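just a sequence and a predicted model for now, questions to come.
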Amino acid sequence: MEWKLEVIPVPVADVDASKKFYAEAVGFTVDHDVRPRPDMRVVQLTPAGSACSIVLGVSGSAPGSLKGLQLVVEDINAARQELVLRGVAVSEVTHLGEGNGSAFLFFDDPDGNSWSVQELRRAEATHGTEAKA
């Protein structure tokens, strides 16, 4: 049986401001923005290349309480440059060890939900595995 994580609710105070941040600043694709009921709005966005989305507007948690969401990229410097050019306040690249998978950067959304971005070069990870076979 496959278990696929496909949607993570992100608690936000202002759905419109958060939708703008994630779509325009971070570059996520808006999958849908619907009102299933008059008192409920659901906005779902997906990072480019990801099978997992975030959803705004359907969380019982306090805005800004979600910590440690993680995105993975092949080139951390290019990712940082893209975020900076889009106006995201992002940390410098930090190395939390040596080798593939040790480079990170960090940013928060407007509510304080925290994100990390990890560089993981898949070709290197695959190459290392193939070398052992």
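Yep, that arrived.

neighbours of residue 5, how many?
8 (other C-beta atoms under 10 Å). Where C-beta positions appear, they are placed from N, C-alpha and C, glycine not excepted.

now do the helices in the protein.
Taking DSSP state H to define them, one finds helices in the chain at 15-20, 76-85, 122-132.

relative to residue 13, how far out is residue 43?
Distance, residue 43 to residue 13, using C-beta to C-beta, to the nearest Å: 13 Å.

apologies, that question was intended for residue 63.
Residue 63 is 4 Å from residue 13, by C-beta to C-beta.

check residue 79 too.
For residue 79 relative to residue 13 (C-beta to C-beta), the value is 26 Å.

quick one: which of the two has more around it?
residue 79 (21 against 12).

just the strands in this protein please.
7-10, 29-37, 40-46, 53-56, 69-73, 94-95, 103-108, 114-119 (DSSP state E).

pick the most deeply packed of those strands.
strand 53-56 (a mean of 21; mean count of other C-beta atoms under 10 Å).

and it, which strands flank it?
Paired with strand 53-56 in the same sheet, following DSSP bridges, are strand 7-10 (parallel), strand 40-46 (antiparallel).

next, the angle strand 29-37 makes with the longest one.
It stands for strand 40-46. 170 degrees (axes from the mean of the first three to the mean of the last three C-alpha atoms, to 10 degrees).

tell me how far strand 40-46 is from the chain's mean position?
Here strand 40-46 is found 15 Å from its chain centre; the criterion is C-alpha atoms, centre = their mean, to the nearest Å.
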